[in-house]
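>>> Kindly generate the corresponding structure for this input.
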Amino acid sequence: MSTENEDLIASGDMVDSEPELLEDLNCPLCRKVLTSPRRLPCLHSFCHDCLEAHITNVVSIKDSVKELCCPLCRSVACSREFSTSKLVHIFPLDTILLSVLIKLGSKVKVDLLCNVCQAQDVTSPAVDLCTVCEEALCIQCSKMHVSSRLSSAHIILEIQDLPSKQETILQNSHIFHCTKHEYFPVELYCKGHETQLCARCFVDDHAKCSEVIKLADETPNLSEALTQTKEQMKELEEQLKMFANINESNLSKLESDVNHLTIEIRILKNTINGALDDLEKKVREEGDRIFSEEKKRIEQLDNCHQSQITAIRNSNVAMESASKYATQTQMLLHTKKISNQLSLTKQYIDDNYLTNDILTLELEVNSQLKSVTKIPRGELGRVKMKRNKETLLVPEGFKPLKECMAILLNVTEIKGLNNKTPWYAKAIYTSNKQLLVTDFSNNIFYILDSSYDIVGSHKFPDSPFDLCMVDEEVVVTTLPHEKSIHFLSIKDKVITYKTQIQTKYLCYSITTFNHEELIVSGPCDDDNMYYWSIITLEGKEKSYHKFKGKGNNQTYVALNASKTRLYISVYKDNSLHCFGLDGMKQFTFTHQSLKGPQGVSVDRDDNVYLVGSQSHNIIKICSDGFLFQVIVNGIEKTPMGLCFNQDGDTFALTHVTDTALSFYRLDYKDK
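Prediction:
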């Protein structure tokens, strides 16, 4: 954009359409008309305040920065160490764009401040501009600039005269000067090295090059070059507009898809609720019918047995009365008749009543519906996002567990930096295939390259246990005995200590919840109680949960891929606890084949892998909390922590008080 405007000014062909030109003079960061535009070496220009804010943001994240990159093209703008936003003053004003802004007059408000005073935190209006330094100057600084021996030959212009002094501006602009030798103009070009040269560059580095030409000799091709450049800019602008339209269309479609999925869920819910309502109605109707029929039968039986009871009572009264006056012979005959009646009554009872006759209604539910009710709520469904109908950016649907075995690939000795035998408590892979390891015995954190050689280390005041990545450059590790969490920056094999936060209790295990929050776990101060909590990167507690567990020892934590479930192993309890992120416990897993559970990991398909340090095995667990299989048994060296690589097909295993790391590959039977 700035190059096109420079060509327009250089050729004297100013665009008449001021509204269109104003749109071309917007800052790429704030998207508003440029104010005090600063130019980077890559020729991208930004508002003074926008560039200063960008530098401030970079410094706040990195603490101390060794290079500054253009926020637009990411090319290096400055390669010296800095820790202050005042670095903005080393970048010159874009005098060419500034002159265009001033020429627009009433359309744009141009209030320049003296750049020399600004660097001293003083606000002074600028009246002049040094075309060599490309800095705005107030009256006082302008006088000092002219009187200085080093800058006395510099050409000073009044700011209001810039639009009419285009030739002077272009002759002195650093755009056309050598980037290595600031005050030497670029006049040559080396075809062999494809680079622009000044006279000093030619003498120092390119005197022996055979294809060095004068740029002045290429001027007949200027018109063609300008045309090609403009066409290329127009083509790229059209492409960017097309991509912007695609992005806008995608967002619109995503919003529509969200609404559609919500409606789909609502329809599914209504369908399920409707089916359950129908089942409820059916149960009610069937129950009422059965009750009505049974009531009629019982009422009929009640009438019959009331009649039988009445007859028995009548016979009893008659027998009592006859016994006073009847002869013995008469009483014998009467008794036999009554006995025959009672036999008939007994037969009636035997035919119509069962001993302990208890009626019960039971609901027989379709087995498929019952299987649905056993699925945890967090696993009832998930959203899939596809790009170009092929690449799945979110873990795809639900995959059945596959039987596999862990095949030992190799055992690598990592002897560490001290004579004391290391205890590698935890290891994790980075995105560039490095391996980060904590040495609990020697209070050291290591970076291992892809060949598992130590390329970086950091010494802690106490024993580090667990670790996780916040982003590609920041790693977090726990020091449980200090009740602290430490943040380290790792870049190009260089480890820089950043900060630390404190925790309430012993913080053994840690995992990343998102880029702004962590999950920590460990034993509480109370015996046989453990905790897990979600905390911010500043140490603020967002949620806190306690649960029972034997002993008072280390834990390991892992989140599933969809971050709906948390798994916590408790060493002394021989158990694995599963929680929803709302704090509700899903299940507690224990098994006779598991002793001393330590490292826990969840692969991309939400399969749970758990290390048994005392049972010397690694087991695979179903999502409903049942043992699926033992994937490796009889591990010789006491296992402790495991971590999968980026592809999810191999994992590293650390061992208790041992110099070795073991590496395994998962071998699936159905391959």
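>>> Surely Gly192 is in a strand?
No - if the criterion is DSSP: H, G, I helix; E, B strand; the rest coil, then Gly192 is coil and not within a strand.
>>> Tell me, how many residues neighbour it?
Using other Cβ atoms under 10 Å, Gly192 has 11 neighbouring residues. Using the backbone N, CA and C atoms, a C-beta is placed for each residue, glycine as well.
>>> quick one, what contacts the nearest residue to it once chain neighbours are set aside?
Of all residues not flanking Gly192 in the chain, Glu211 sits nearest, at 4.7 Å (Cβ to Cβ, 6 or more residues apart in numbering). By Cβ atoms under 8 Å, 6 or more residues apart in numbering, the contact list for Glu211 reads 190-192.
>>> Serialize the residues you listed to JSON lines and add fields for distance to Phe663 and pLDDT.
What follows is the contacts of Glu211, written out as JSON lines (distance: Cβ to Cβ, whole Å; pLDDT from 0 to 100):
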{"residue": "Cys190", "distance to Phe663": "49", "pLDDT": "89"}
{"residue": "Lys191", "distance to Phe663": "50", "pLDDT": "86"}
{"residue": "Gly192", "distance to Phe663": "47", "pLDDT": "84"}
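>>> Just the closest of the residues you listed to Arg665, please.
Distance ranking of the contacts of Glu211 against Arg665, using Cβ to Cβ, places Gly192 first at 48.7 Å.
>>> Check the gap between the closest one and Lys214 for me.
Distance check for Gly192 against Lys214: by Cβ to Cβ, to the nearest Å, it reads 15 Å.
>>> ditto for Gln171
18 Å.
>>> So which elements touch whichever helix or strand Gln586 is part of?
Element membership of Gln586 [criterion: DSSP states H and E] is strand 585-589. Here strand 585-589 touches strand 575-580, going by 3 or more Cβ pairs under 8 Å, 6 or more residues apart in numbering; DSSP states H and E.
>>> Only alpha carbons, please: show the strand it packs on as CSV.
Extracted in CSV, the C-alpha atoms of strand 575-580 (Å, rounded to 0.1, in the frame of the first residue of the first chain):
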residue,chain,number,x,y,z
SER,A,575,-7.3,-46.0,42.6
LEU,A,576,-8.1,-43.7,39.6
HIS,A,577,-10.8,-41.1,40.2
CYS,A,578,-12.8,-39.6,37.4
PHE,A,579,-14.6,-36.3,37.7
GLY,A,580,-16.7,-34.0,35.5
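>>> what pairs with it, and is each one parallel or antiparallel?
strand 565-570 (antiparallel), strand 585-589 (antiparallel) (DSSP bridges).
>>> Give me the mean pLDDT for the last one.
Confidence for strand 585-589, expressed as mean pLDDT, is 89.
>>> Kindly report the same for the first one.
Confidence over strand 565-570 (mean pLDDT, whole number) is 93.
>>> Name the residues that touch that strand?
Contacts with strand 565-570, where a contact means Cβ under 8 Å, 6+ apart, come from 376, 378, 509, 519, 521, 530, 532, 549-551, 553, 555-560, 575-581, 586, 597-600, 602, 606, 608, 610-611.
>>> cool, the last one as well?
Residues outside strand 585-589 that contact it (Cβ under 8 Å, 6+ apart) are 376, 547, 565, 575-580, 610, 621, 624-627.
>>> How far away from the center of its chain is that strand?
The chain centroid and the centroid of strand 585-589 are separated by 25 Å, computed with Cα atoms, centre = their mean, to the nearest Å.
>>> Tell me the helix or strand right after it.
The helix or strand immediately downstream of strand 585-589 is strand 597-602, counting by DSSP H and E.
>>> For that following strand, give me every contacting residue.
426, 554, 556-561, 567-571, 574-576, 608-613, 639-644, 651, 653-654.
>>> Pull up the pairing partners for the helix or strand following it, direction included.
Remark: after strand 597-602, the chain's next helix or strand is strand 608-612, criterion DSSP H and E. Strands adjacent to strand 608-612 in the sheet, as given by DSSP bridges, are strand 597-602 (antiparallel), strand 617-621 (antiparallel).
>>> Dump those strands into TSV; add mean pLDDT, mean neighbour count and distance to Asn514 as well.
Below are those laid out as TSV (pLDDT from 0 to 100; neighbours: other Cβ atoms under 10 Å; distance: least, Cβ to Cβ, whole Å):
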stretch	mean pLDDT	mean neighbour count	distance to Asn514
strand 597-602	93	23	16
strand 617-621	93	22	25
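>>> Please produce CSV containing the ones you listed, extended by distance to Thr360.
Output for these, formatted as CSV (distance: least, Cβ to Cβ, whole Å):
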stretch, distance to Thr360
strand 597-602, 44
strand 617-621, 38
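>>> what's the closest of those strands to Phe46?
Nearest to Phe46 among the strands paired with strand 608-612 is strand 597-602 (43.9 Å), distances taken as Cβ to Cβ.
>>> Restricting to C-alpha, output the closest one in PDB.
Output of strand 597-602 as PDB, limited to C-alpha atoms (Å, rounded to 0.1, in the frame of the first residue of the first chain):
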ATOM      1  CA  PRO A 597      -1.100 -46.100  40.200                       C
ATOM      2  CA  GLN A 598       1.100 -43.200  39.000                       C
ATOM      3  CA  GLY A 599       1.100 -41.700  35.500                       C
ATOM      4  CA  VAL A 600      -2.200 -41.300  33.700                       C
ATOM      5  CA  SER A 601      -2.700 -40.200  30.100                       C
ATOM      6  CA  VAL A 602      -5.700 -39.900  27.700                       C
END
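>>> and Phe291, helix, strand or coil?
What three-state DSSP gives for Phe291 is helix.
>>> how near is it to Tyr189?
To Tyr189, Phe291 is 101 Å away according to Cβ to Cβ.
>>> Return the residues in contact with Leu610.
By Cβ under 8 Å, 6+ apart, the residues touching Leu610 are 569, 576, 589, 594, 597, 599-600, 618-619, 621.
>>> which of those residues lies closest to Leu25?
Looking across the contacts of Leu610 and measuring by Cβ to Cβ, the closest to Leu25 is Val600, at 56.9 Å.
>>> ok, what's across the strand from the closest one?
On the basis of DSSP bridges, Val600 is bridged to Leu610.
>>> Check Ile447 too.
For Ile447, the beta-bridge partners are Leu436, Gly456 (DSSP bridges).
>>> which residues sit in contact with it?
Ile447 touches 434-436, 454-457, 490, 493, 495, counting by Cβ under 8 Å, 6+ apart.
>>> How much space separates it from Lys491?
11 Å.
>>> Mind giving me the PyMOL select for the contacts of strand 565-570, buried ones only?
Of these, the buried ones go into a single PyMOL selection, burial set by 16 or more other Cβ atoms under 10 Å:
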select buried, resi 376+378+509+519+521+530+532+549+553+555+556+557+558+559+560+575+576+577+578+579+581+586+597+598+599+600+602+606+608+610+611
